[in-house]
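> Pasting the sequence and the predicted coordinates here, then a few questions.
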Amino acid sequence: MNSTSEDSRYCIALQPICDRDFNHVADGLLYRASGGAKTAEITDPTIATARACSAAFYEIGLQALVGDRLLFVNVCESWLAQPELMPLPAEQVVIELPRELQLSDARLQQLESIRQRGYRIMVDDETLTRAGEALLPFIDIVRIDMRGAQARQRVESLHTRPVILMAGFIENSEQLEFCRTLPFTYFQGYFYAMPASIGVGEWKRHGNRLAGLRLVRELYRGEIDIDRIESLLAQDPHLCTLMLKRVNSAAMARVQQISNLRQAIMLLGFEKIRALASTLLLAQNEPIKRMLVFKALVRAALARRLSERVPGLDRDTAFTAGLFSIMDQLEGVPLGVLVEQAGFVPELAAALLQHEGELGKILQLIDAFEKAQLDHRSLKLVETLNREYLAAVAWSREMLVLSA
């Protein structure tokens with residue numbers, strides 16, 4: 001199922017949550033099918049969950065989105081069975097259970113697994129009433145709909161239980177003052193603040209679904225081949241860019257800058273890459289321009305092969321340089337912005353942006369070769385470039401065939 005260009009315009013909104021002193025302490029993450037939408041307009045809960053998490057945790061980043069505040073994330077039932085896809089860090093995320101939750105022994109085991117990972121769980125009072133006492137031991141926060149006639153009675157029945165209470169759907173000042181007389185810890189509602197859309201129009205989302213599927217399969221194999229992971233990541237520029245941005249985020253607390261894609265894989269780890277790849281795959285972002293992906297792979301492979309002729313030049317860094325050299329065309333974002341977000345070492349950044357250093361010379365040579373501007377170069381160099389180019393093309397075709 002490929003999304004249309006219209007589908008790629010989805011975004012997220014934040015619904016502020018305050019404490020009793022009106023301090024902004026948390027936010028509810030909301031999905032919006034388009035920038036101007038006022039409601040969720042959800043047709044597929046799984047895709048909506050994946051898209052909201054992808055935008056919040058990978059495109060924007062938790063620190064940039066909410067800082068140190070808590071983030072309440074509403075998930076669909078199918079996600080409860082896959083806690084490894086839940087966003088990190090756990091201590092800052094509250095998982096909101098879906099209202100249509102179906103309770104079973106298996107479901108309770110899934111909730112326990114989620115809590116063991118460090119997440120807190122919130123449920124609406126109506127869902128809790130329907131599910132019964134069996135659900136309560138797994139709940140940390142209960143949101144009570146203050147529009148309901150039984151709101152006060154539900155507060156009275158729960159305030160002695162080991163749960164935190166949130167007043168929800170506060171629509172006017174009278175409701176707010178009434179809620180402050182009750183033992184609520186959190187307050188949320190349109191009277192306090194309307195949801196604010198975030199990240200609308202920042203960039204178009206692209207994804208290579210076939211490579212993504214292959215990548216997820218490889219990541220769940222018993223023995224993971226890092227060479228295969230690197231080659232598959234290289235075929236999905238959006239995933240590659242978001243992974244590097246994630247590695248460069250404050251949450252990762254890195255002490256060294258990134259010089260190549262392989263280094264980023266090792267720093268992030270296979271478990272987090274699995275979560276990122278699976279989330280983007282579920283989000284079903286816009287299909288990538290396959291010819292541009294092929295061109296990027298060829299440039300990456302060619303740069304790596306040419307780097308072997310330059311003493312002291314790292315072949316993995318050369319591969320990353322070749323891959324990112326046309327990333328602006330694939331992502332629709334200025335190359336300078338992508339390089340800054342990726343957190344590359346100065347030498348790699350200078351090679352990409354100013355064609356400086358030995359690596360920059362290789363990129364210039366690849367540009368000249370593609371444009372057939374080698375009139376003043378030696379015949380031996382042209383023959384070498386032709387030979388290495390054909391080898392790079394063969395490798396790139398093999399990679400694309402393997403991902404199909």
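Good, I have the coordinates.
> how many neighbours does Leu323 have?
Residues lying near Leu323 (other CB atoms under 10 Å) number 26. For every residue, glycine as well, the C-beta is placed using N, CA and C.
> Over to it: give its phi and psi.
Backbone torsions of Leu323, given as degrees, to the nearest 10, read phi -70, psi -50.
> May I have the residues that are in contact with it?
If you count contacts by CB atoms under 8 Å, 6 or more residues apart in numbering, Leu323 has them with Ala234, Pro237, Cys240, Leu261, Ala296, Leu297, Arg299, Ala300.
> Pretty sure Asn386 sits in a helix.
Yes: assessed by DSSP: H, G, I helix; E, B strand; the rest coil, Asn386 belongs to a helix.
> mind listing the helices for the stretch 1-150 of the chain?
Secondary structure of the stretch 1-150 of the chain, counting by DSSP state H, counting those that start in this stretch: helices at 45-53, 62-66, 77-80, 105-116, 125-131.
> for the ones you listed, which one sits closest to Ala151?
Ala151 lies closest to helix 125-131 among the helices of the stretch 1-150 of the chain, at 7.9 Å (CB to CB).
> For that closest one, C-alpha coordinates in PDB please.
Extracted C-alpha coordinates of helix 125-131, given in PDB (Å, rounded to 0.1, in the frame of the first residue of the first chain):
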ATOM      1  CA  ASP A 125     -12.200   6.400  33.000                       C
ATOM      2  CA  GLU A 126     -14.800   4.900  30.600                       C
ATOM      3  CA  THR A 127     -12.400   2.300  29.400                       C
ATOM      4  CA  LEU A 128     -11.400   1.400  33.000                       C
ATOM      5  CA  THR A 129     -15.000   1.100  34.000                       C
ATOM      6  CA  ARG A 130     -15.700  -1.200  31.100                       C
ATOM      7  CA  ALA A 131     -12.600  -3.300  31.700                       C
END
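> which parts of it are buried?
Neighbour-count burial for helix 125-131 flags Asp125, Thr127, Leu128, Ala131 (criterion: 16 or more other CB atoms under 10 Å).
> Give me the helices and strands touching it, please.
Where contact means 3 or more CB pairs under 8 Å, 6 or more residues apart in numbering; DSSP states H and E, helix 125-131 is packed against strand 141-145, helix 151-158.
> For the nearest residue to Tyr190 once chain neighbours are set aside, give its distance to Met146.
Leaving out its chain neighbours, the residue that sits closest to Tyr190 by CB to CB, 6 or more residues apart in numbering is Glu171, at 5.8 Å. The spacing between Glu171 and Met146, counted by CB to CB, to the nearest Å, is 8 Å.
> and those two? which has more neighbours close in?
Using other CB under 10 Å as the criterion, Glu171 and Met146 rank with Met146 on top: 23 against 13.
> Would you mind confirming that that one is in contact with Ala167?
Yes: using CB atoms under 8 Å, Met146 is in contact with Ala167, at 5.5 Å.
> what residues are shared contacts of the two?
Counting by CB under 8 Å, 6+ apart, the shared contacts of Met146 and Ala167 are Cys179, Gly189.
> Many thanks, have a good one.
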